[in-house]
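In: with the sequence up front, the predicted model follows.
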Amino acid sequence: MNNEREHRPVSPQQGQSSSLPFSPVTRNGINYFWGIPYASARRFSYPELAPLENLPMGFTADTPAPGCPQPTGLAGPDIGQPVSFSEDCLKLSVMTPAHAEGTKLPVMVFFHGGSYLTGGGDAPAYDPHKLVEEQNLVVVTVTYRLGLLGFLGGTATRPANLGLLDALTALRWVKGNIERFGGDPECVTAWGQSAGGDLVARLLATPEVAEENLIHRAIIQSAPLDLGYGKQKLAKHLLAATEHLDRRAPAQVWAHQGGRYFFANPLRFGWSGFLPLGCQFGAYPLPAEEEEPVQLAQLAARVPLLVGNMPREAAGLTPEFPTALGKFLFAWGEPLTRWLTERIYTRASRNFADKYRRAGGQATVYSLETGSGWHYRRSTHSSDLSLLFDNPAWEGSALRAGAGPSTRTQQGRALRAVWASLARTGSVPAQYADAARISLA
């Protein structure tokens, strides 16, 4: 493991001020503090923590964070696309109940998915107002560097794991500042979906997370965790293939080049070629792969874990098909869909849960069904997000397939209660599992 811990920034002291230097935007009983810088970084440089007190005079928390420059339209419905893009994207947003019940509320820190290439924490689809309102907690959405700018490196001038270090810095910011927003810095849930779930798993294996007590619960949702291993040859190949790029080229050039490696020759590099970019073991701040269980043991006993996926994940990673073909596609493609889901997602959830238990932790594995009927998008990748983040951005999305408004309302409320229960108490109540049709093992 590379020893580069001298780059670690210092967390601000908790509770250093009771007031905030800006006001929220209040809508539907929720306070939105949008686009707060948690760090700054030059291209291919480590993030530096941004103290709340160092915000520029007149800063207003009324603009959602831009996403990191990224390719668009790679595959399937891109519900997580932000509305703007900028290389200056190391920002987070904090959502709190306008009329909170009590103080020091549980905090859920959300890391978006997108194959480490696309997405943004403040994409309209990720508005968590129902989760915040119903469950009386604080939600933080994090935007971090993506693609070649954040998740490919291995040289002195292009360090690895910059996006992971962004996420680590965001957690330090939360620990030092969230009490001023009404959150409890000692009750923080790291929560991620898809690549964001993979990112949470790697955070759990980061030494600083254990040493600084940055995470107290974890939710890993629909993450292809096994694709993150055995990537050394692939990373070396991609690094060499992109060395010719001008380091000063516009960020969108780097984003476009990252999109070229959305699938990096799985026949040559194995299953990891389906997730070519990502966190790199053995490069700061991650241990080597074989040391991961030892590092997990440093926090597993005190960080309950919820990990799982949908039974038809693979059907959500293909282009849209005409609705009329739904029944035909269901019958023709179902065996392949189930097999790919088992190979990429379900097996990975079980493997990580078993590893976490062996490290001394409590791990609950879930399988979530959504919708009903013959629609090809039923119970697919990201369809659970339409329940957790039930907001107008999801209207018309095929990811809400097979469930009417009343069913979605029931499932969404129950699922949000399950996630919030884990965040609040570290456990999942069985009575909510049945209502949301979640099976827990």
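Out: In hand now; what should we look at? Predicted model only: the values in this text are computed from it and were never measured.

In: can we go C-alpha only for contacts and neighbour counts from here?
Out: Will do.

In: for residue 187, give me its contacts.
Out: Counting by Cα atoms under 8 Å, 6 or more residues apart in numbering, residue 187 touches 105-107, 215-217, 423-424.

In: filter those residues down to the ones in helices?
Out: 423-424 (DSSP state H).

In: let me have the contacts of residue 187 in a markdown table, extended by distance to residue 130.
Out: Listed next are these as a markdown table, based on distance: Cα to Cα, whole Å:
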| residue | distance to residue 130 |
| --- | --- |
| 105 | 16 |
| 106 | 15 |
| 107 | 15 |
| 215 | 23 |
| 216 | 23 |
| 217 | 21 |
| 423 | 15 |
| 424 | 16 |
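
In: can I get the contacts of residue 187 in a markdown table including pLDDT and distance to residue 59?
Out: Putting the contacts of residue 187 into a markdown table (pLDDT from 0 to 100; distance: Cα to Cα, whole Å) gives the following:
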| residue | pLDDT | distance to residue 59 |
| --- | --- | --- |
| 105 | 97 | 25 |
| 106 | 98 | 26 |
| 107 | 98 | 24 |
| 215 | 98 | 29 |
| 216 | 98 | 31 |
| 217 | 98 | 32 |
| 423 | 97 | 31 |
| 424 | 96 | 32 |
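
In: tabulate the contacts of residue 187 (TSV), appending neighbour count and distance to residue 50.
Out: Below are the contacts of residue 187 laid out as TSV (neighbours: other Cα atoms under 10 Å; distance: Cα to Cα, whole Å):
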residue	neighbour count	distance to residue 50
105	26	23
106	23	23
107	32	20
215	27	20
216	23	23
217	25	25
423	27	26
424	21	28
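
In: and the contacts of residue 187, which two are furthest apart?
Out: Farthest apart among the contacts of residue 187 by Cα to Cα are 105 and 215. That separation is 14.9 Å.

In: can you count the residues close to residue 126?
Out: The number of residues packed near residue 126 is 24, by other Cα atoms under 10 Å.

In: what does the one 10 residues further on give?
Out: By the measure other Cα under 10 Å, the count of residues near residue 136 is 20.

In: can you give me the strands in the stretch 101-250 of the chain?
Out: Along the stretch 101-250 of the chain, counting by DSSP state E, counting those that start in this stretch, strands occupy 105-111, 138-142, 183-193, 217-221.

In: strand partners (parallel or antiparallel) of the third one?
Out: It refers to strand 183-193. If you go by DSSP bridges, strand 183-193 pairs up with strand 105-111 (parallel), strand 217-221 (parallel).

In: hmm, back to that, can I get the strands of the stretch 101-250 of the chain in JSON lines including distance to residue 392?
Out: Formatted as JSON lines, these follow (distance: least, Cα to Cα, whole Å):
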{"stretch": "strand 105-111", "distance to residue 392": "19"}
{"stretch": "strand 138-142", "distance to residue 392": "18"}
{"stretch": "strand 183-193", "distance to residue 392": "20"}
{"stretch": "strand 217-221", "distance to residue 392": "22"}
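
In: out of the ones you listed, the one nearest residue 58 is which?
Out: When the strands of the stretch 101-250 of the chain are compared by Cα to Cα, strand 138-142 sits nearest residue 58, at 22.3 Å.

In: excluding chain neighbours, what is closest to residue 22?
Out: For residue 22, ignoring the flanking residues on the chain, the nearest one in space by Cα to Cα, 6 or more residues apart in numbering is residue 60 at 5.8 Å.

In: also residue 105?
Out: Closest to residue 105 by Cα to Cα, 6+ apart is residue 183, at 4.5 Å.

In: which residues are in contact with the one you found?
Out: Counting by Cα under 8 Å, 6+ apart, residue 183 touches 103-107, 137-138.

In: show me which pair in the residues you listed is furthest apart.
Out: Largest separation among the contacts of residue 183 by Cα to Cα: 103 and 107, giving 11.5 Å.

In: so what sits against both of these two?
Out: Listed contacts common to residue 103 and residue 107 are 183-184; contacts here mean Cα under 8 Å, 6+ apart.

In: spatially nearest residue to residue 70, not counting backbone neighbours?
Out: Nearest non-adjacent residue to residue 70, counting by Cα to Cα, 6+ apart: residue 255, 4.6 Å away.

In: report pLDDT for that neighbour.
Out: pLDDT for residue 255: 93.

In: ok, residue 15 next?
Out: Per-residue confidence (pLDDT) for residue 15: 39.

In: do residue 434 as well
Out: Reported pLDDT at residue 434 in the predicted model: 68.

In: what does the pLDDT read for the residue nearest to residue 22?
Out: You'll see residue 60 listed with a pLDDT of 95.

In: pretty sure it is in a helix, no?
Out: No. Assessed by DSSP: H, G, I helix; E, B strand; the rest coil, residue 60 does not belong to a helix; its assignment is coil.

In: burial measure for it, as a count.
Out: When neighbours are defined as other Cα under 10 Å, residue 60 has 17 of them.

In: quick one: it and residue 128, what's the gap?
Out: 20 Å (Cα to Cα, to the nearest Å).

In: check residue 55 too.
Out: From residue 55 to residue 128 the distance is 25 Å (Cα to Cα).

In: then residue 312?
Out: Distance, residue 312 to residue 128, by Cα to Cα: 24 Å.
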